[in-house]
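>>> dropping a prediction and its sequence here:
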Amino acid sequence: MELPVLLILLPPLIGAVLNGVVGLFAPGYRRNEWLIGGLATAAVALPFAVAVSLFLGFHGEGTGHGAEVVRYFTWLAAGDLSVDFAYRIDQLSLVMALIVTGVGALIHLYSIGYMHGDPGFWRFFAYLNLFIFAMLNLVLAENLVVLFLGWEGVGLCSYLLIGFWYTNLKNSAAANKAFIVNRIGDFAFLLALFIVFAVVTDGREGAFGFDFTTLLASETLALFGAGTTLLVVLLFFVGATGKSAQIPLFVWLPDAMAGPTPVSALIHAATMVTSGLYLLARLSPMVLRAPTAMAVIAVVGALTAVVAATIAITQNDIKKVLAYSTVSQLGFMFMAAGVGAFFVSIFHVMTHAFFKGCLFLGSGSVIHAMHHVEHDLEHRGLIPGHHGSGAHSPHESEATQHPLRHDPLPYDGPFDAQDMRTMGGLRKSMPITAITFLVAALAIAGLPPLAGFFSKDEILFKVFEFGYNDQAWAFLVWGVGIFTALLTAIYMGRCYLLTFEGRPRWPGALDVKPHESPWTMTVPLVVLAFLSAVGGFLGLPAVLGESWIHHWLVEEGAGPVAEPAHELHVSHGMEWGLLGGGAAVAVLGLFLAWVRWGRRGLEADASLRRRLGFLYTLWSNKYFVDEIYDETVVSPVVEGSRRGLAPFDQKGVDGAVNGVARLVRGVAGRLRGLQTGVVQTYALYLVLGVVLVITLMLFV
Amino acid sequence: MDLTLNWYLSLSAVLFTIGVLGVLLRRNAIVIFLSIELMLNAVNLTLVAFSQAFGDVTGQILVFFVMSVAAAEAAVGLAIIIAIFRNKVTVNVDEINLFRG
């Protein structure tokens, strides 16, 4: 098993180092886009192939196939701490590795087309490969420290990739925000690690390395009292809220859309943001011992889901809609984790990777096309040019000639390739993008028999079942979930309709048409759309058949993902009812979206604004969360640093260091006086020394 | 009054001390050299006194060595003083302090 794991872990690292170092020192290399992109994609495709073969091997052995642990070498050894670089291949890590490498390889291929012509092409692929390496470390880790290494690594790569076009200050600020907010979660994670270490080394003999085999064994878990377990699980959950963008640490995700779209697809939809869910699933035996924490997790998840969904309805930037949609769907996954259905949350991770990945890549295809439209419009003088390629044509339009005529765009500022208000009717010019986007949108809305229906319905069913088992608060969570599902269908329908249907809304639409993207971009779209359609059949609900994913991950207690034991089971009739209800909600939401935005286009937005009034303002300004955080947390910290810490650094620390230098110089200055340059002085010293020596010899 | 060995050694010690004080306290370079010669001669006196007291001629042989070295050193030292004088027109050692720290 050592070789296969190396073949999974090392190629992305080698790809990153190769592209990074050669690209850095040999500028001529940077132009070989196909070489760079091909190398990077192969560096992810190879691990995928190896993971598939491992998966088939695991699958073929039947039930009871235990985890395989591969230990390479000892990393840290000090007293009771002994951490190895060890990796674990079991059902959970294989599923995650397949998602990461599979979707990752598709996105690498997509990026070859998307990033074409960018001067930082080589740097992008180096960072992307590095990200895959870090993420694989995270999901394959056998102990919490290697997991944390991956955890930090993906945070770093997220920072590097969000701020990829760093010359624009806005992007760098977004990258900083992501990293700093993540760090808060990481702090909680570390606190949890420390507490775990203290408790475990107190209670048992021998060195401890945070490895899962030891940590999740029932004897070890029994060492933690109820209060300690609650604290540890809550701290891990706070870490998860940072990484997986839940309340209160979700504010970085919408800003992260400043990065290139493949980054948004890979990191902020399919992989990094699911790390929190993976952590909870991996630690499921421990989480199940803290019922209060689970309630907190479920409630926070539900709250986040509905808040993000309400914001998504009001957004005009297509990527922001998808970003808030991601936050909302992650909320769903945490709802599932909170009621102990960890395998369902992983199931939703998988289906979400498919349809959200497809949606983001589709939006990237649209943005790519709209950028071409923008250049075309500038070239013809229909919009003011700001790339230096102003209107060249002899028949300059009135838009640029009459400064008093108001801007033909429906929003302030320059043309925004991502704003849906200047899109519309793209289905005719970009059919592949449109169809795949539609399939993925229907999937996320929860229309049967697409993937989203099965995973989302399973989540809601498990929540309902939990409520059935004397946990009445779960019914409230279920209600919030149903409402959010309705909102999901509505905003996704709106997103599709405003982008692809209706009439084109950009100026000069009769003359300037977008075109479909190259095959490197459309092939991944098709693959992901296909997976969004059929991926759901891996987890059929009990009334319809056997849930493969349940069997794979839980294996009736022998698998890596734990499950609570329920006494009361929902009757089949009620389960059918819930299934039907979920489907009905999806259909209703899509129907509402069609009636409003399909028929009336942008005007439906205006009427919604009128109907909801203050609510619309609240939602479209994202509940003013950023402003609140700025007032309560950011400004005090910055002001406090400026008033308190900066003077301490300038006067205290610098003063001490400079003071030492000044002291040395003073003493040296005094001592310099001994060197008069006059030979007689030196002769005097000589004589004094002789006298001293003789005295000592005679009298001591 | 019998002139025993101690008398010669005392004389030698006094002469040597006068020489040392001269080296340390006088400012004229020539006078310093004079004092150095005085020190060397005091040592010569000591050597001869011991040689006569113990009947060993080794002391007197050593005096020859000392004298020849003194002569050579005087020659070289005076040459250095002349070279310095050519540059700074002074034999006052207080003024030759280019090596001051």
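Perfect, I can see it now. Everything quoted here is computed from the prediction, not taken from an experiment.
>>> quick one: residues contacting A:Ala42.
With contacts defined as CB atoms under 8 Å, 6 or more residues apart in numbering or on different chains, the neighbours of A:Ala42 are A:11, A:15. (Glycine included, C-beta is placed from N, CA and C.)
>>> cool, and B:Ile32?
Contacts here follow CB under 8 Å, 6+ apart; on that basis B:Ile32 touches A:680, B:22-23, B:26, B:93.
>>> quickly note the distance from it to A:Gln315.
Separation of B:Ile32 from A:Gln315 (CB to CB, to the nearest Å) stands at 96 Å.
>>> do the same with A:Gly644
With the distance defined as CB to CB, A:Gly644 ends up 39 Å from A:Gln315.
>>> shaky segments in chain A?
Applying pLDDT under 70 to chain A flags residues A:60-65, A:385-408, A:556-558.
>>> next, the residue lying closest to A:Leu283 once chain neighbours are set aside: secondary structure please.
Closest residue to A:Leu283 in three dimensions, ignoring its sequence neighbours and counting by CB to CB, 6 or more residues apart in numbering or on different chains: A:Phe236, at 6.5 Å. Reduced to three states with DSSP: H, G, I helix; E, B strand; the rest coil, the structure at A:Phe236 is helix.
>>> check A:Val69 too.
Going by three-state DSSP: A:Val69 is strand.
>>> so it sits against A:Ala86, correct?
Yes: at 5.9 Å, A:Val69 counts as touching A:Ala86 under the criterion of CB atoms under 8 Å.
>>> of these two, who's got more company?
Here A:Val69 and A:Ala86 are set side by side on neighbour count (other CB atoms under 10 Å in any protein chain shown), and the busier one is A:Ala86, at 23 against 18.
>>> count of neighbours near the residue nearest to A:Leu283?
28.
>>> show me what contacts it?
A:188-189, A:192, A:279-280, A:283.
>>> those in helices, which ones?
With helices defined by DSSP state H, the entries of those inside them are A:188-189, A:192, A:279-280.
>>> and the furthest pair within these?
A:Ala188 and A:Leu280 (13.5 Å; CB to CB).
>>> between those two, which has more neighbouring residues?
For A:Ala188 versus A:Leu280, the count of surrounding residues by other CB under 10 Å is larger for A:Leu280: 28 against 19.
>>> quick check: residues of chain B near chain A?
Counting by CB under 8 Å from any CB of the partner chain, the residues of chain B lying close to chain A are B:20, B:23-25, B:32, B:93-94, B:96-101.
>>> and these as TSV, adding pLDDT and secondary structure?
Output for the residues of chain B next to chain A, formatted as TSV (pLDDT from 0 to 100; DSSP: H, G, I helix; E, B strand; the rest coil):
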residue	pLDDT	secondary structure
B:Val20	95	helix
B:Val23	94	helix
B:Leu24	94	helix
B:Leu25	93	helix
B:Ile32	94	helix
B:Val93	87	helix
B:Asp94	87	helix
B:Ile96	84	coil
B:Asn97	84	coil
B:Leu98	84	coil
B:Phe99	84	coil
B:Arg100	83	coil
B:Gly101	75	coil
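>>> let me know the closest of these to A:Gly113.
When these are compared for distance to A:Gly113, the smallest value, 72.0 Å, is given by B:Gly101; criterion: CB to CB.
>>> assign a three-state SS to the spatially closest residue to B:Ala49 that is not a sequence neighbour, would you?
Excluding the flanking residues, the one nearest B:Ala49 by CB to CB, 6+ apart is B:Tyr8, at 3.7 Å. Local secondary structure at B:Tyr8 is given as helix here, using three-state DSSP.
>>> look up how far B:Asn44 lies from B:Tyr8.
When distance is defined by CB to CB, B:Tyr8 is 11 Å away from B:Asn44.
>>> just want to know which of these two has more residues nearby.
It is B:Asn44, of B:Tyr8 and B:Asn44, that has more neighbours when counted by other CB under 10 Å, with 20 against 17.
>>> and that one, how far is that from chain A?
In this structure, B:Asn44 lies at 20 Å from chain A, with CB to the nearest CB, to the nearest Å as the measure.
>>> that residue: which element?
Here B:Asn44, judged by DSSP states H and E, is contained in helix B:29-54.
>>> the strand or helix carrying A:Phe334: how far from the chain's middle?
Using DSSP H and E, the secondary-structure element containing A:Phe334 is helix A:318-338. The chain centre lies 11 Å from the centre of helix A:318-338; the measure is CA atoms, centre = their mean, to the nearest Å.
>>> packing partners for it?
Under the contact criterion of 3 or more CB pairs under 8 Å, 6 or more residues apart in numbering or on different chains; DSSP states H and E, helix A:318-338 touches helix A:252-255, helix A:261-265, helix A:275-282, helix A:291-314, helix A:342-380, helix A:451-468, helix A:473-500.
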